[in-house]
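Enquirer: Structure of the sequence below:
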Amino acid sequence: MIQFSINRTLFIHALNATKRAISTKNAIPILSSIKIKVTPTGVTLTGSNGQISIENTIPVSNENAGLLITSPGAILLEASFFINIISSLPDISINVKEIEQHQVVLTSGKSEITLKGKDVDQY
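Expert: So this is what the prediction gives:
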């Protein structure tokens, strides 16, 4: 059950860099997802089109990230939709919290959005 907070601008930059590996027209639907893996040392984003993969790690030691990890874990989220949602959030900081059945609650300022994710074992 992942839970972390991060600087929105830095997170968007990392998501967009990772998204370059994800094809918009994928024969394998799960490859339109971005894998978010949270460990005590940082957040790793992975995107793939089946031939190439991009992995982007944001370490806790990066002072600009404002990264605070509460609970480690991993989840898959639909890449384009997730990045569009993150980009539209109003505040400087974003809180990401997984609740039951691979659902993620994004909180930023007064905004709160719930997204349906997938099990990372499918990736």
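Enquirer: Which residue, other than its chain neighbours, is closest to the residue in the chain sticking out farthest from the centre?
Expert: Computed with CA atoms, centre = their mean, the residue of the chain farthest from its C-alpha average is Ala27, at 22.1 Å. Closest residue to Ala27 apart from its sequence neighbours, by CB to CB, 6 or more residues apart in numbering: Gly50 at 7.8 Å. Where C-beta positions appear, they are placed from N, C-alpha and C, glycine not excepted.
Enquirer: before we move on, what about Ile30?
Expert: Per CB to CB, 6+ apart, closest to Ile30 is Gln122, 5.2 Å.
Enquirer: what about the one you found, distance to Ser80?
Expert: Here the criterion is CB to CB, to the nearest Å. By it, Gln122 lies 18 Å from Ser80.
Enquirer: More neighbours: these two, which one.
Expert: Ser80 (13 against 10; other CB atoms under 10 Å).
Enquirer: ok, that one touching Ile34?
Expert: No - taking contacts as CB atoms under 8 Å, Ser80 lies outside contact range of Ile34: 9.1 Å.
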